[in-house]
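Chemist: here is the input, now give the coordinates:
(chains A, B, C and D)
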There are 2 protein chains.
Amino acid sequence: MSRWPDRLRDMTTSSTRNASSSSSRSGSYHHGDLRKALVNEAVRIIREEGEKALSMRKLALNIGVSRTASYHYFADKQALLCAIAEEGFRRFNVMLSEVHHAGQRPPSAKSMRDFVAGYVQFATEQTEYYDLMFGGHIWESRTSTDSLREESHNSFRNYVSSVRSWQENGLISDKVDALRFSQVSWSTLHGISRLIIDGIYVDSAAIEPICENAAEMFWRELEP
Amino acid sequence: MSRWPDRLRDMTTSSTRNASSSSSRSGSYHHGDLRKALVNEAVRIIREEGEKALSMRKLALNIGVSRTASYHYFADKQALLCAIAEEGFRRFNVMLSEVHHAGQRPPSAKSMRDFVAGYVQFATEQTEYYDLMFGGHIWESRTSTDSLREESHNSFRNYVSSVRSWQENGLISDKVDALRFSQVSWSTLHGISRLIIDGIYVDSAAIEPICENAAEMFWRELEP
DNA sequence: GATATTGTCTTGACACTGTCAAAATGCGTA
DNA sequence: TACGCATTTTGACAGTGTCAAGACAATATC
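Modeler: Model (predicted):
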């Protein structure tokens, strides 16, 4: 049924405790953990109603707090979105390292196919996060938090070192420059993901073969 | 200085005649060609101030016409954006066929490198159009015009047939499926473009080698 | 326990946005 | 001249992000 290995499923479930409906501490003036509640509800809105449907006012009102309460935790809407993106990168890194550790040692061709599948699955199933993580809004130089930049650089660094390890194990020709290879292949994954997410590649039956072809084209040389 | 062949430069200059400053027909009530003026000014705003800075009101007021005048030509903001995207695809197709016809016959490896360069150049220099052409907003099923869909399908069809011709000339192995190859390589170009546009790949000196590596990785087999 | 300080949230306000409905204006034609 | 039509305007409504002041609660200090 599903295109994806089961291992990669269900990163969707929220990781928060019972936390903080608007009446949790029964009528207390202060909200239990407003910051977390804001992020959670924002993610929920984006996932279920689309990013466009997220407004600071509706968000606050949904939680049961007044219009501008959020501004005590986030300087502006952008800052909220950055926080979500950061959380996205954290989940993304978790997924990557799971894929990495679940593969056989030494890494095989399957490791790389799993990576492709994992990436595209994350992008297309956790769109709430992926859109923000790689959306342009957040990357205009000074709007993005330092911690966000760091978390994202980690992602890419990890990937480059994966590539190096594939190279050391003879899965990728060691003639190619690891950095360039990483940039180009990452671009491919990002491109596939975006074209699917944005509804340009619509035939969902084609997704799997596209992914397989991508893996094959990049790592063709490994099959003799 | 520039990364790009001169042939590909200067598609930026507007293709409209002297047309229609707000006082062109000296005080006439009707605007000469409001529809065109709207599109032009919208493109200008997006290019110079960013898509976010485009509002229907400011747009109309800039042109010297009142807030809602635009709604006589465009059902809503979305429709305006679709019109721009469509124009973008038209320019894009022109660029593609220029690249195609400028190459040697029969097509060589250089043809393909030119295609990569042309694509990424278009995307990064005519961002006003590219963002709309491949932005998600426009592709949610019923917001996109039929003519837009057609113009865009043309682009892709042309590309697939380029790939086929490269295949016939032995530039690409004829073992690979032309459609899949097109989808994946298009994804790569789109991915590279987006990562540059969105400011994630920031080192502009790296762009050229990235493009070259992309071309090389996809069409590796042609060099013996 | 009373008081001051700080962190948290609310109210009011402003300048914007997209878009609808109805009215006004100009132009070509009968 | 008057009619009809395409074009543009005015008025209005609901919604947005965000700032500045104030109101309230919890905590620290005396």
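Chemist: any residue of the helix or strand bottoming out on mean pLDDT in chain A touching chain B?
Modeler: The helix or strand of chain A with the poorest confidence is helix A:136-139; it has a mean of 87 (mean pLDDT, DSSP states H and E). Yes: Helix A:136-139 comes into contact with chain B (Cβ under 8 Å from any Cβ of the partner chain), by way of A:136, A:139. The C-beta positions use only the backbone N, C-alpha and C, and glycine is treated the same way.
Chemist: let me see the contact set for the closest residue to chain B within chain A.
Modeler: Minimum separation of chain A from chain B (Cβ to the nearest Cβ) falls at residue A:191, amounting to 2.8 Å. Each residue near residue A:191 by Cβ atoms under 8 Å, 6 or more residues apart in numbering or on different chains is listed here: B:186, B:187, B:188, B:189, B:190, B:191, B:192, B:194.
Chemist: what residues are up against the third one?
Modeler: By Cβ under 8 Å, 6+ apart, the contact set of residue B:188 is A:184, A:187, A:188, A:191, B:214, B:218.
Chemist: give me the pLDDT value at it.
Modeler: Confidence at residue B:188, expressed as pLDDT, is 97.
Chemist: now it, nearest residue through space, not along the chain?
Modeler: residue A:188 (4.3 Å; Cβ to Cβ, 6 or more residues apart in numbering or on different chains).
Chemist: can you check the first one too?
Modeler: The shortest distance from residue B:186 to any non-neighbouring residue, by Cβ to Cβ, 6+ apart, is to residue B:159 (6.4 Å).
Chemist: and the top helix by length along chain A, average pLDDT?
Modeler: Looking across chain A with DSSP state H, the single longest helix is helix A:77-102. The average pLDDT within helix A:77-102 is 92.
Chemist: now render the contacts of residue A:191 as a markdown table, adding distance to DNA strand D.
Modeler: Converted to a markdown table, the contacts of residue A:191 look like this (distance: Cβ to the nearest atom of the strand, whole Å):
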| residue | distance to DNA strand D |
| --- | --- |
| B:186 | 34 |
| B:187 | 32 |
| B:188 | 35 |
| B:189 | 34 |
| B:190 | 29 |
| B:191 | 29 |
| B:192 | 31 |
| B:194 | 25 |
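Chemist: could I get the CA-only coordinates of the least confident helix or strand of chain A as PDB?
Modeler: What follows is helix A:136-139, C-alpha atoms only, in PDB (Å, rounded to 0.1, in the frame of the first residue of the first chain):
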ATOM      1  CA  GLY A 136      12.800  31.200   1.000                       C
ATOM      2  CA  HIS A 137      11.000  33.400   3.600                       C
ATOM      3  CA  ILE A 138      13.300  32.100   6.300                       C
ATOM      4  CA  TRP A 139      16.600  32.300   4.600                       C
END
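Chemist: which elements pack onto it?
Modeler: helix A:77-102 (3 or more Cβ pairs under 8 Å, 6 or more residues apart in numbering or on different chains; DSSP states H and E).
Chemist: follow-up on the earlier one: next, count neighbours for the residue nearest to residue B:186.
Modeler: By other Cβ atoms under 10 Å in any protein chain shown, the residues close to residue B:159 number 19.
Chemist: same thing with the one 5 residues further on?
Modeler: With neighbours defined by other Cβ under 10 Å, the count for residue B:164 comes to 16.
Chemist: spell out which residues of chain A are next to DNA strand C.
Modeler: By Cβ under 7 Å from any atom of the strand, the residues of chain A that approach DNA strand C are A:29, A:30, A:31, A:34, A:60, A:65, A:66, A:67, A:68, A:69, A:72, A:73.
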